[in-house]
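# no letters, just coordinates:
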């Protein structure tokens, strides 16, 4: 699973605009725009989500789920749990 916020953050870490992420993932620009406009977890067909997460992973992005530890210990960004 990936949220729209994670997607935008990953794109920013890679220095990509939406068009660049579309090219990297093999998805259309409107698909990337629709995914980023989602509220919370991105909904879409499984093939598109797999292309997106696979491309981000290949580019060096590790998606960290809620309450999960980062296995590789690299730098990253995570939202704090609201107090």
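Alright, I've got the coordinates. Just so we're clear, the structure is a prediction, and the values are computed from it rather than from any experiment. Numbers count the residues shown, from 1 in each chain.

# and the least confident helix or strand in the chain by mean pLDDT, what does it pack onto?
Using mean pLDDT, DSSP states H and E, helix 4-14 stands out as the lowest-scoring helix or strand of the chain, at a mean of 92. In terms of contacts (3 or more C-beta pairs under 8 Å, 6 or more residues apart in numbering; DSSP states H and E), helix 4-14 is packed against helix 18-25, helix 29-36, helix 46-58. Glycine gets a C-beta too; all of them are placed from N, C-alpha and C.

# can you lay out those helices as CSV showing mean neighbour count, distance to residue 68 and mean pLDDT?
Formatted as CSV, the helices and strands packed on helix 4-14 follow (neighbours: other C-beta atoms under 10 Å; distance: least, C-beta to C-beta, whole Å; pLDDT from 0 to 100):
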stretch, mean neighbour count, distance to residue 68, mean pLDDT
helix 18-25, 17, 23, 98
helix 29-36, 16, 21, 96
helix 46-58, 15, 15, 95
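
# doesn't residue 54 make contact with residue 26?
No: counting by C-beta atoms under 8 Å, residue 26 does not reach residue 54; the two are 9.3 Å apart.

# how about the helices and strands packed on helix 4-14 in JSON lines, adding distance to residue 82?
Formatted as JSON lines, the helices and strands packed on helix 4-14 follow (distance: least, C-beta to C-beta, whole Å):
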{"stretch": "helix 18-25", "distance to residue 82": "28"}
{"stretch": "helix 29-36", "distance to residue 82": "23"}
{"stretch": "helix 46-58", "distance to residue 82": "26"}
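
# re the thing from before, give the buried residues for the least confident helix or strand of the chain.
4, 5, 6, 7, 9, 10, 11 (16 or more other C-beta atoms under 10 Å).

# not counting its own residues, what contacts that helix?
Residues from elsewhere that reach helix 4-14 (C-beta atoms under 8 Å, 6 or more residues apart in numbering): 17-18, 20-21, 24, 35-40, 42, 52, 56, 59-61, 63, 77, 79.

# and stretch 11-24, end to end?
From its first residue to its last, stretch 11-24 covers 11 Å (C-alpha to C-alpha, to the nearest Å).

# brilliant, that's me finished.
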